[in-house]
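Asker: would you be able to build a 3D model of this:
(chains A and B)
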2 protein chains.
Amino acid sequence: MAENTALPLVVLAEQFAKLPGIGMKTAQRLAYHMISRPEKDVEAFADALLKAKRTIHACRCCQNLTDGDLCPICSDETRDHNIICVVEAPKDVVAFERTNEYKGVYHVLHGVISPLDGVMPEQLKIKELLSRLQSGNVRELIMATNPTVEGDATAMYLAQLIKPLGVTVSRLAFGLPVGGVLEYADEVTLYRALENRNKM
Amino acid sequence: MAENTALPLVVLAEQFAKLPGIGMKTAQRLAYHMISRPEKDVEAFADALLKAKRTIHACRCCQNLTDGDLCPICSDETRDHNIICVVEAPKDVVAFERTNEYKGVYHVLHGVISPLDGVMPEQLKIKELLSRLQSGNVRELIMATNPTVEGDATAMYLAQLIKPLGVTVSRLAFGLPVGGVLEYADEVTLYRALENRNKM
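Answerer: Presented below is the predicted three-dimensional model:
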């Protein structure tokens, strides 16, 4: 912003610019937008920020984000607590819930093993996952980390760790995305779709 | 967001989704991002929002946004206070200041005349502009509203209002943008560029 702009506006724009995917130009636009809104709207925004940060923490059981002690999924008696879907991040839980098909529970790792970024297994919520398996009731663990190098490696690492405990470990299927066009599928996806072909 | 997401997160995402150009998906991503940041960062953001809204108001003279009584441009003695550039919004001032060429002062209308959107001349800062002209020292008024139907109409309206006061009224030049390609210029721009051609 130009040096003739009022300082509090510059500070606000810089705060917006810290958000992922928001550049300085958009940040300025957002800053101007905010001060054109009524004071009570701005207060509601500031309040939502603080309240979210202060009340949200990891669920005692699945490590998903929640404002209670247990998250709504872990405390839901109608769900199958013997199938655990292991995901990287809370937003992956939201994605699975949108399918309305999965009735088991989750475990959020809060990251993937990535030595290049300095993320080692100890920094993930693996200890918490192992302690959940100690009850002995868990039937299946579904590895739902992303189909990336780190996601695959994390799934592999966990599978080797958990299989000796006698729990079935599975991995999400890879193949053509529904509604996708074969022509535009990358080679790895196409190869996986061919390899995992199903009898009709 | 799914119904199983913690409420304060949903509230925060909805606040982000109210920002212009930010959809629900990006808003969710931003909400997750915010709660992954340290508490003091979130407090700084909330504080910047409130401070900007509470301390910023219109400059007594030019109506640009400022946190003082007069904005830095209006209180700058080295600038030519007898040339006023009339713009629609504070961000237009920032754009002109970036050119580092304009040494006059500004007047921010805070909108354009647009009867379809219910914006009539009385709602713009036209009264304030006329009272600035009463000093009798103003030499020239540059109409720098946007080259849109409403911007042109507003410039025209102001010109008819102000010319009788003996003040020179000019309008920004329209033509090809520098660095642009003739082939991609729209017809109106090309027509204006042709009409306003300059002798070489």
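
Asker: domain map for chain A?
Answerer: Structural domains assigned to chain A are A:7-55, A:65-199, following automatic domain parsing.

Asker: who's in contact with the residue sitting nearest the centre point of chain A?
Answerer: Most central in chain A under C-alpha atoms, centre = their mean is residue A:89, positioned 2.0 Å from the mean C-alpha point. Residue A:89 makes contact with A:108-111, B:32, according to C-beta atoms under 8 Å, 6 or more residues apart in numbering or on different chains. C-beta coordinates here come from the backbone N, C-alpha and C atoms, glycine included.

Asker: make CSV from the domains of chain A and add mean pLDDT to it.
Answerer: CSV is the format used below for these (pLDDT from 0 to 100):
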stretch, mean pLDDT
domain A:7-55, 93
domain A:65-199, 89
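
Asker: now the strands for chain A?
Answerer: Using DSSP state E, the strands of chain A run over residues A:57-58, A:65-66, A:80-87, A:104-108, A:140-143, A:168-171.

Asker: may I see the buried residues of the longest one?
Answerer: It refers to strand A:80-87. Residues A:81, A:83-87 are the ones in strand A:80-87 that count as buried (16 or more other C-beta atoms under 10 Å in any protein chain shown).

Asker: could you list the buried residues of stretch A:69-76?
Answerer: A:71-74.

Asker: is chain B within reach of that stretch?
Answerer: Yes: residues of stretch A:69-76 are located near chain B by C-beta under 8 Å from any C-beta of the partner chain, namely A:71-73.

Asker: that older thread, out of the contacts of residue A:89, who's the most crowded?
Answerer: residue A:108 (25 neighbours; other C-beta atoms under 10 Å in any protein chain shown).

Asker: just the helices from chain A, written as ranges.
Answerer: For chain A, the helices defined by DSSP state H occupy A:7-17, A:24-36, A:39-55, A:90-99, A:126-133, A:149-162, A:187-195.

Asker: about what we covered before: and the buried residues of stretch A:69-76, which two are furthest apart?
Answerer: Spatial extent of the buried residues of stretch A:69-76 (C-beta to C-beta) is set by the pair A:72 and A:74 at 7.6 Å.

Asker: can you count the residues close to residue A:112?
Answerer: 22.

Asker: for residue A:138, that is, sorry about that
Answerer: Other residues close to residue A:138 by other C-beta under 10 Å number 21.

Asker: what does the one 5 residues further on give?
Answerer: Neighbours of residue A:143 under the rule other C-beta under 10 Å: 20.
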